[in-house]
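> Below is the structure, and that's it, no one-letter string:
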């Protein structure tokens, strides 16, 4: 059921997605999968834990990354 969330993630990315206590800061170089990891974390919180989308804050440093995250989440969630 949740396999699509973890598909292709390395161990550090998987840990960032699955961590549910406190905040998670993802710091990595360009092209390393930060946006995908944050997107999957959002989906994990909604799909696996039933958290309302209105209760989740995802922050990125660029408008481009924010727009990409929004697009990916909307494509996956109803």
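Alright, I've got the coordinates. Given the structure is predicted, the values throughout are model-derived calculations rather than measurements.
> tell me, how many neighbours does residue 60 end up with?
15 (other C-beta atoms under 10 Å). Backbone N, C-alpha and C define where each C-beta goes, glycine included.
> quick one: contacts for it?
34, 35, 38, 66, 69 (C-beta atoms under 8 Å, 6 or more residues apart in numbering).
> can you tell me how far it sits from residue 3?
Plainly put, residue 60 is 25 Å away from residue 3 if you go by C-beta to C-beta, to the nearest Å.
> now residue 51
20 Å.
> Next: residue 27.
27 Å.
> sorry, back to before: the more surrounded of residue 51 and residue 3?
residue 51 (14 against 6).
> Figure out the helix or strand that the more buried one lives in.
For residue 51, there is no helix or strand it lies in under DSSP states H and E.
> tell me the contacts of it?
residue 45.
> for residue 11, same thing?
With contact set as C-beta under 8 Å, 6+ apart, residue 11 has no partners.
> Could you check which helix or strand contains residue 36?
Going by DSSP H and E, residue 36 is in helix 34-47.
> what's that helix in contact with?
With C-beta under 8 Å, 6+ apart as the test, helix 34-47 has contacts from 2, 5-6, 9, 13, 16-18, 20, 24, 26, 28, 51-53, 56, 58, 60, 65, 68-69, 72-73, 76-77.
> Looking at residue 3 now. What's its pLDDT?
Residue 3 is assigned 86 on the pLDDT scale.
> so where do the strands sit in the protein?
In the chain, no strands are found when defined by DSSP state E.
> so where's it uncertain?
1 (pLDDT under 70).
> what about the helices in it?
3-6, 11-18, 34-47, 63-76 (DSSP state H).
> Most tightly packed of those helices?
Highest mean neighbour count among the helices of the chain (mean count of other C-beta atoms under 10 Å): helix 34-47, with a mean of 20.
> one step back: got the angle between the helix holding residue 36 and helix 11-18?
Between helix 34-47 and helix 11-18, the angle comes out at 40 degrees (axes from the mean of the first three to the mean of the last three C-alpha atoms, to 10 degrees).
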